[in-house]
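Trainee: Sharing a model prediction with you, sequence too.
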Amino acid sequence: QVQLVESGGGLVQPGGSLRLTCLASGFTFSTYRMTWVRQAPGKGLEWVSDINKDGDSTDYADSVKGRFTISRDNAKNMLYLQMNSLKPEDTAMYYCVKARYRIGERVEIHYRGQGTQVTVSS
């Protein structure tokens with residue numbers, strides 16, 4: 001069965017960095033576009049970024065563009081999110097997602113991991 005296991009979250013000060021990882025299994029990872037979404041306390045899911053199957057095309061929400069970098073290692077079935085210049089408004093649960101599709105910033109989730117918490121606070 002499909003499994004997506006995120007790690008790498010934690011507490012970081014504003015301006016700091018974190019690198020999230022997602023280990024995928026149960027499907028042919030290298031043939032699917034992959035996505036990161038997040039959910040802040042009391043808010044809905046927000047699309048963050050996605051990357052095509054080959055890793056040579058990426059897209060970002062305006063709120064993270066220039067600060068976050070998505071990447072993947074198909075040999076290891078790993079998805080990454082490098083987050084720099086973190087802000088308090090980046091505080092959220094971050095999820096690795098295998099999506100059915102995305103239209104604009106609306107993601108139709110097929111599978112989602114359990115999430116990893118990122119808290120940005122001084």
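Mentor: Nice, thanks for sending it over. Remember, predicted model here, so these are calculated numbers, not experimental data.

Trainee: For the rest of this, base every contact and every neighbour count on C-alpha atoms.
Mentor: Will do.

Trainee: Val107 falls within a strand, correct?
Mentor: Yes - assessed by DSSP: H, G, I helix; E, B strand; the rest coil, Val107 belongs to a strand.

Trainee: Was I right to think it contacts Ala99?
Mentor: Yes - under the criterion of Cα atoms under 8 Å, Val107 is in contact with Ala99, at a separation of 6.6 Å.

Trainee: The most centrally placed residue in the chain - nearest residue in space that isn't next to it in sequence?
Mentor: Closest to where the C-alpha atoms of the chain average out (Cα atoms, centre = their mean) is Trp36, at 2.5 Å. With Cα to Cα, 6 or more residues apart in numbering as the criterion, Trp36 has its nearest non-adjacent residue at 4.9 Å, and that residue is Cys96.

Trainee: List the contacts of the one you found.
Mentor: Shown in contact with Cys96 (Cα atoms under 8 Å, 6 or more residues apart in numbering): 4-6, 22, 34-37, 79, 112-113, 115.

Trainee: Name the helix or strand for it, please.
Mentor: Assigned by DSSP states H and E, Cys96 belongs to strand 92-103.

Trainee: Can you dump the C-alpha atoms of that strand in CSV for me?
Mentor: Extracted as CSV, the C-alpha positions of strand 92-103 are listed here (Å, rounded to 0.1, in the frame of the first residue of the first chain):
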residue,chain,number,x,y,z
ALA,A,92,2.0,24.5,10.2
MET,A,93,1.8,20.8,9.8
TYR,A,94,3.5,19.9,6.5
TYR,A,95,2.3,16.9,4.5
CYS,A,96,3.9,15.0,1.6
VAL,A,97,1.2,14.3,-0.9
LYS,A,98,0.6,12.1,-4.0
ALA,A,99,-2.0,14.2,-5.7
ARG,A,100,-4.6,13.2,-8.3
TYR,A,101,-4.2,16.7,-9.8
ARG,A,102,-3.8,20.4,-9.0
ILE,A,103,-5.8,23.3,-10.5
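
Trainee: And it, what's buried?
Mentor: Neighbour counts over strand 92-103 (16 or more other Cα atoms under 10 Å) mark 92-99 as buried.
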